[in-house]
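Visitor: quick one: sequence and predicted model below, then my questions.
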Amino acid sequence: MNEIPPAGPRLENRLPDEGINSSTEHPLKEFAWLVGASLATLLVVVLLVGWAARWLAPHIPFATEVALAKRLVDREQKPADAARSAALQAVAQKVAAQMGLPEGMELVVQYEESKVVNAFATIGGRIRVHSALLTKLRSEDELAALLAHEIAHVKHRHVAASMGRGMALGLLLGVVSTDAGAAAAQSALGQATGLALMGYSREQEREADEAALKAVHALYGHVGGAMDLFAHLGEVNPDEPPTALSTHPMSAERLKAMQQLAAEAGWPVTGERTPWPTALSCGASQPANPGGTAPPCQAS
């Protein structure tokens with residue numbers, strides 16, 4: 001006679017205990033943790049993107065920048081402005097010849113009527129010089145130092161790196177507001193209208209200052225013009241914020257650093273200044289800065 005095996009465990013579908021998916025934490029607290037963790041993660045991503053942008057910038061073909069500049073930056077100029085741009089371009093080419101630019105790296109320097117005392121480099125080797133800034137300079141030496149500084153930013157691809165940081169900032173702002181993020185990204189790409197996103201690091205500024213000093217010495221045999229430039233710029237904006245709150249070192253600090261560098265390299269800080277370029281003066285009614293002492297035309 002066959003024996004009946006003992007019954008095994010009985011299988012059945014049981015309802016889960018009540019409250020198994022409930023949390024004892026307050027919903028707002030959980031939401032705050034979720035938002036905080038998301039923002040922290042995004043911040044890390046943004047920082048990594050900013051760092052990667054600086055590292056990748058030199059490896060992006062310069063032709064890519066040029067193509068973007070032709071779409072976003074280049075524009076037609078009035079005949080009078082075009083003539084002054086040509087004069088600035090001529091000085092820039094003299095300076096660039098001393099700076100060993102990579103093959104295929106082009107420069108396009110343009111004069112721009114503006115009451116803002118400024119000059120800046122943007123994508124594709126485009127450099128803008130405002131008329132108000134030119135009124136502060138007294139010799140070709142100073143102009144050459146100014147252009148050399150901006151050319152150094154182009155040479156070392158600081159512009160592309162800063163644009164990458166701007167795009168990263170747009171990503172971060174997009175979490176708070178889609179419109180704010182899009183505006184920041186557009187400013188970073190637009191360059192000319194997004195200068196607030198284009199601030200260079202102190203390290204980049206020092207690198208550009210040193211390159212400018214070296215180029216001016218090679219061109220004129222002394223660095224007096226570079227010293228004049230920073231002295232005059234320091235007079236333009238005496239109320240700059242403290243160094244710790246600024247992306248640019250104060251003019252006095254930069255001047256001191258350049259004086260120290262010149263001393264270490266044995267470069268003279270005095271010498272004859274080259275007269276202001278005639279094409280950048282206002283015409284027959286104003287001297288063409290003979291001896292580099294008379295100011296160029298006044299900004300309108």
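Guide: Nice, I can see it.
Visitor: CA atoms for contacts and neighbours, from now on please.
Guide: Fine.
Visitor: this protein: strands as residue ranges?
Guide: 108-112, 119-122, 126-130 (DSSP state E).
Visitor: out of these, which gets the lowest mean score?
Guide: Of all the strands of the chain, strand 119-122 carries the lowest average pLDDT, namely a mean of 89.
Visitor: the strands of the chain: which one's closest to Leu255?
Guide: strand 119-122 (18.0 Å; Cα to Cα).
Visitor: so what does the closest one touch, helix or strand wise?
Guide: Applying 3 or more Cα pairs under 8 Å, 6 or more residues apart in numbering; DSSP states H and E, one finds that strand 119-122 makes contact with strand 126-130, helix 140-155.
Visitor: swap the cut-off to 6 Å and go again
Guide: Strand 119-122 makes packing contacts with strand 126-130 when contacts are defined by 3 or more Cα pairs under 6 Å, 6 or more residues apart in numbering; DSSP states H and E.
Visitor: list the strands paired with the strand it packs on, with their directions.
Guide: strand 108-112 (parallel), strand 119-122 (antiparallel) (DSSP bridges).
Visitor: that one vs helix 140-155, what angle?
Guide: 140 degrees (axes from the mean of the first three to the mean of the last three Cα atoms, to 10 degrees).
Visitor: rewinding a little: now render the strands of the chain as TSV, adding distance to Gly266 and mean neighbour count.
Guide: Listed next are the strands of the chain as TSV, based on distance: least, Cα to Cα, whole Å; neighbours: other Cα atoms under 10 Å:
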stretch	distance to Gly266	mean neighbour count
strand 108-112	31	21
strand 119-122	29	23
strand 126-130	30	22
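Visitor: export the ones you listed as CSV, with columns for distance to Phe230.
Guide: Shown next, in CSV, are these (distance: least, Cα to Cα, whole Å):
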stretch, distance to Phe230
strand 108-112, 20
strand 119-122, 13
strand 126-130, 16
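Visitor: rewinding a little: closest one to Ala218 among the strands paired with strand 126-130?
Guide: strand 108-112 (21.0 Å).
Visitor: ok, residues contacting that closest one?
Guide: The contact list for strand 108-112 (Cα atoms under 6 Å, 6 or more residues apart in numbering) reads Ser85, Gln89, Arg126, Ile127, Arg128, Val129, His130, Ser131.
Visitor: wait, isn't the fourth one in contact with Ala121?
Guide: Spelled out, it's Ile127. Yes. With contact defined as Cα atoms under 6 Å, Ile127 reaches Ala121; the gap is 4.3 Å.
Visitor: relative to Val91, how far out is Leu219?
Guide: Using Cα to Cα, to the nearest Å, we find Leu219 at a distance of 11 Å from Val91.
Visitor: now do Ala257
Guide: With Cα to Cα as the criterion, Ala257 and Val91 are 25 Å apart.
Visitor: of these two, which one has the most company?
Guide: Per other Cα atoms under 10 Å, whichever of Ala257 and Val91 has more neighbours is Val91, with 18 against 15.
Visitor: figure out which of the strands of the chain is closest to Val66.
Guide: The nearest among the strands of the chain, by Cα to Cα, is strand 126-130 at 8.6 Å.
Visitor: could you dump the closest one to PDB, C-alpha only?
Guide: Written as PDB, here are the backbone C-alpha positions of strand 126-130 (Å, rounded to 0.1, in the frame of the first residue of the first chain):
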ATOM      1  CA  ARG A 126      38.000  88.300 -33.500                       C
ATOM      2  CA  ILE A 127      39.200  91.300 -31.400                       C
ATOM      3  CA  ARG A 128      37.100  94.400 -30.600                       C
ATOM      4  CA  VAL A 129      38.700  97.700 -29.500                       C
ATOM      5  CA  HIS A 130      36.300 100.500 -28.300                       C
END
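Visitor: give me the contacts around that strand.
Guide: Taking Cα under 6 Å, 6+ apart as the rule, strand 126-130 contacts Leu107, Val108, Val109, Gln110, Tyr111, Glu112, Glu113, Ser114, Asn118, Ala119, Phe120, Ala121.
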